[in-house]
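Colleague: kindly generate the corresponding structure for this input.
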Amino acid sequence: MPPVTDYRSPFAGILTWLLSVGYDLRSSILELTDNSLSKISSNLRVILFKEAKLLSRVIVVDDGTGMSLQTLCESFIIANVKAERDSEDIGKFGIGMKSAIMNMGRQIIILSRVVGGNIVGLYADVDQMKENNSPSPTEVCENVTGEWAVKYISQDSWEKFSSQSSGTLIQVKNLRQKCQMVYERAKDILMSMISTSYSLMPNQCLLQIEDTDKPSDSSERFLTIVPNDLFYHGKRECLDEDAHETVLHIFSGEPGHPNRVIEENTSKRRITGNKFTSGKSDKPAYYEYMALEKNKGYHTNMKEIDRLPTSSSVLGLSNTTLLGSIKLRTIQVSETQFKNEAELFSDGDQLHGDRKGIWFNRGIRTVGFAKKIGRKIHDRTTMAAERQRMLVTFPAALDDEVGSKFNKQMEDKELPSQILTDAIYSIYRQVTNPWVDSDKARMEKKKEEEEKERLRLELEDRKRWEEEQRIRLEQQRLAAEEERVRKAEELRIKQEAEEEAKRALDEAIGDNDGGQEEVDGQGEEEADSQETDSQETDSQETDEHAQGQLDAQDASQAQEQTDAEEKAQVVVDDSQEQEEDVGKQDTPSNSSTSPSNDVEGVFKLTLQLVGDNVCVSGDGGLNLEIPSFGKGKALMDWLSAATPEYIHRLFA
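Modeller: Coordinates of the predicted model:
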């Protein structure tokens, strides 16, 4: 059997490996948006297509610098590691884009154009490539026309892209099972994770998700993604404490020795007890870190040095090279802002409730979320620990030190470099421990303020209650006073009425006595007159003048007698009619009617005892009720004995 001369791996085996490296829909889309953002794009869209309620197709299109045909073909070579890379180039392993698109779907089309160049294209049917056992794309076009393009993309997509002066379009369809998510859920996941993965959007790029399920003229079709800066650069009001920032420089070590980790300190922080770092913005201090020994404190693995290493021999080491620098930013989020952050994540997302720890940014993109790096970095006795976090921003050149994998994701464990792990841990604890103490003091002060506020509110409530009671009692007093006045007025009116009735009764009784005296006096005068007339008749002495007067008087009396007789006759007739009417009615047992044949006249009166009062009714519209003050029967008897003419004259 001849020896093996071709050591190239068959594509079927490579594809199997690529599909097992951990890319899902989210990480695959982020891989493609990373590439677009690194190409100085100002507009970037992720276009989603729906079929039978599921995500069926994805397009990522930008207006960046684009690729030539040569660059496009090289980008499709698996594990094509560049000998020299730009420091800002986020690629390293040469498998990111290929692995992402092949993990998403089985049919891939890529179109690209540089300024002033033709549109170039590449089409890959992954199943056909696997069948051919070849990593070569299915078809390549060096000058794409509409006729070629619409075999793989829609006419609308082609027209929009061909109008751009530069940029790249990547379409993936015939999605794999793990990416065929419910359309709305896929949209929400991408919105949340893309906004969280880019804390700062470079080049002020407009990044949108286009929802093709919405009408083209709908405002909901284009969803703009706003980066969530969870480390609040320039937003001090969102923090409890001033952010602490420092830089770690990674230098190569001697062969067989670990790389060196040196901090360039420009801000004061407490290391332990009364020991503080001495760096200032205009005069940095340098501290070199070592691995922490077992059971040693987080302040024992650093020592101050004079300066940063150079290429010459320093401290007995030579050939020292700067591999890269890492920026650290440690913050403690305010309680209010921490609660507001939860709205950025769905309920099932771990970050909804747990955002403490170390976050890692590889250039512009977050690749590690809330990691613990294999250390106990939180004091769980205070809620401040839940709001503390550190951002570690590192370049792609330090992937080996930090542990960023080819899919730009990190596992939650110690970093490959123990010295770097311990340096990050020590700085984190040195910064956050005083904040824990401050938070305890702040919580105590908050409790005191809350207690004062509680007492103040309690006092206000007490005063309010007392005022309400005072008002209620005053209202009750006023109501009682009004009732007293009302009753007093009613009593006064009643008493006045009773006094008036009593006065009327007294006057009636007095008039009756006076009337009897007047009648008696008239009788005496008549007797005297008769005696006088007899004497005048016997004397025979008549004065002519007196005789004339007597004659006139006799004539007048005669006329009066005639008038009285006529009047009596009329009254008698009326009285007879009234007697007939009264005879038709029942007469109560406690009523009395004066006789119609009294010598005093022809007046008809009816007396009736109603309750304790006497009702009098009769001729001339006489009708009144006389209070008796407890002596109703006696009053009834007295009135019954009086002459009808007198009663009528008294009350008419």
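Colleague: which stretches of the stretch 201-350 of the chain form strands?
Modeller: 206-211, 222-224, 244-251, 260-265, 270-272, 275-276, 285-289, 302-305, 322-332 (DSSP state E, counting those that start in this stretch).
Colleague: from those strands, which stretch is densest packed?
Modeller: Neighbour counts (mean count of other CB atoms under 10 Å) averaged over each of these peak at strand 260-265, with a mean of 22. Any C-beta I mention is one placed from the backbone N, CA and C, and that applies to glycine too.
Colleague: mean pLDDT added to the strands of the stretch 201-350 of the chain, as JSON lines?
Modeller: Formatted as JSON lines, those follow (pLDDT from 0 to 100):
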{"stretch": "strand 206-211", "mean pLDDT": "90"}
{"stretch": "strand 222-224", "mean pLDDT": "91"}
{"stretch": "strand 244-251", "mean pLDDT": "96"}
{"stretch": "strand 260-265", "mean pLDDT": "96"}
{"stretch": "strand 270-272", "mean pLDDT": "91"}
{"stretch": "strand 275-276", "mean pLDDT": "93"}
{"stretch": "strand 285-289", "mean pLDDT": "96"}
{"stretch": "strand 302-305", "mean pLDDT": "94"}
{"stretch": "strand 322-332", "mean pLDDT": "95"}
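Colleague: would JSON lines of these with distance to residue 385 be doable?
Modeller: Below are the strands of the stretch 201-350 of the chain laid out as JSON lines (distance: least, CB to CB, whole Å):
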{"stretch": "strand 206-211", "distance to residue 385": "33"}
{"stretch": "strand 222-224", "distance to residue 385": "34"}
{"stretch": "strand 244-251", "distance to residue 385": "16"}
{"stretch": "strand 260-265", "distance to residue 385": "23"}
{"stretch": "strand 270-272", "distance to residue 385": "17"}
{"stretch": "strand 275-276", "distance to residue 385": "22"}
{"stretch": "strand 285-289", "distance to residue 385": "23"}
{"stretch": "strand 302-305", "distance to residue 385": "23"}
{"stretch": "strand 322-332", "distance to residue 385": "9"}
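Colleague: for residue 396, find the nearest of those strands.
Modeller: strand 322-332 (8.8 Å; CB to CB).
Colleague: what packs against the closest one?
Modeller: Strand 322-332 makes packing contacts with strand 244-251, strand 388-394, helix 399-402, helix 418-539 when contacts are defined by 3 or more CB pairs under 8 Å, 6 or more residues apart in numbering; DSSP states H and E.
Colleague: contacts for the second one next, please.
Modeller: Going back to what we said before, that points to strand 388-394. When contacts are defined by CB atoms under 8 Å, 6 or more residues apart in numbering, strand 388-394 is touched by residues 199, 230-231, 324, 326-333, 355-363, 368, 370, 378, 401-402, 404, 424, 427-428, 431-432, 435.
Colleague: any low-confidence regions in the stretch 501-650 of the chain?
Modeller: For the stretch 501-650 of the chain, the stretches with pLDDT under 70 are 511-605, 612, 619-622, 627-635, 637-650.
Colleague: same thing with the stretch 51-200 of the chain?
Modeller: 79-95, 200.
Colleague: now do the strands in it.
Modeller: Using DSSP E, counting those that start in this stretch, strands in the stretch 51-200 of the chain cover 54-62, 105-113, 120-125, 139-141, 167-175.
Colleague: okay, domains of this protein per the record?
Modeller: By the assignment in automatic domain parsing, the chain contains the domains 11-224, 236-436, 590-652.
Colleague: wait, which of the ones you listed is closest to residue 454?
Modeller: Short answer: domain 236-436, nearest of those by CB to CB, at 18.8 Å.
Colleague: distance between the ends of that closest one?
Modeller: Its start and end residues considered, domain 236-436 measures 18 Å (CA to CA, to the nearest Å).
Colleague: contact partners for the residue positioned nearest the centre of the chain?
Modeller: Residue closest to the mean C-alpha point of the chain, counted by CA atoms, centre = their mean, is residue 340 at 13.3 Å. Going by CB under 8 Å, 6+ apart, residue 340 touches no other residue.
Colleague: tell me the contacts of residue 288?
Modeller: 260-263, 302-303, 305.
Colleague: reformat these as CSV; add distance to residue 249.
Modeller: Output for the contacts of residue 288, formatted as CSV (distance: CB to CB, whole Å):
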residue, distance to residue 249
260, 8
261, 8
262, 5
263, 8
302, 14
303, 15
305, 11
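Colleague: of the residues you listed, closest to residue 180?
Modeller: Checking the contacts of residue 288 against residue 180 with CB to CB, the nearest one is residue 261 at 45.1 Å.
Colleague: CA atoms only: put stretch 12-23 into CSV for me.
Modeller: Provided in CSV are the C-alpha atoms of stretch 12-23 (Å, rounded to 0.1, in the frame of the first residue of the first chain):
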residue,chain,number,x,y,z
ALA,A,12,-17.4,15.6,5.2
GLY,A,13,-15.3,15.3,8.4
ILE,A,14,-14.6,19.0,8.5
LEU,A,15,-18.3,19.7,8.2
THR,A,16,-19.2,17.3,11.0
TRP,A,17,-16.6,19.1,13.2
LEU,A,18,-17.9,22.6,12.2
LEU,A,19,-21.4,21.7,13.1
SER,A,20,-20.4,20.6,16.6
VAL,A,21,-18.5,23.7,17.7
GLY,A,22,-21.5,25.3,19.4
TYR,A,23,-22.8,27.9,17.0
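Colleague: contacting residues around that stretch?
Modeller: Residues contacting stretch 12-23 (CB under 8 Å, 6+ apart): 31, 78, 95, 98-100, 102-104, 126, 129-130, 133, 135, 405-407, 409.
Colleague: same check on stretch 265-273?
Modeller: 244-246, 276-281, 284-287, 297, 299, 302, 430-431, 433-434.
Colleague: hmm, back to that, in CSV, list the domains of the chain along with distance to residue 452.
Modeller: Below are the domains of the chain laid out as CSV (distance: least, CB to CB, whole Å):
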stretch, distance to residue 452
domain 11-224, 39
domain 236-436, 19
domain 590-652, 73
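Colleague: out of the ones you listed, which gets nearest to residue 497?
Modeller: That would be, of the domains of the chain and by CB to CB, domain 590-652, which comes in at 8.0 Å.
Colleague: just send the strands of the stretch 51-200 of the chain back as CSV, with mean neighbour count and distance to residue 253 too.
Modeller: Formatted as CSV, the strands of the stretch 51-200 of the chain follow (neighbours: other CB atoms under 10 Å; distance: least, CB to CB, whole Å):
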stretch, mean neighbour count, distance to residue 253
strand 54-62, 21, 41
strand 105-113, 23, 42
strand 120-125, 21, 43
strand 139-141, 15, 46
strand 167-175, 23, 41
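Colleague: residue 470 is nearest to which of those?
Modeller: Comparing the strands of the stretch 51-200 of the chain by CB to CB, strand 54-62 comes nearest, at 69.7 Å.
Colleague: and the closest one, how far out from the chain middle?
Modeller: Here strand 54-62 shows a centroid-to-chain-centroid distance of 37 Å under the convention CA atoms, centre = their mean, to the nearest Å.
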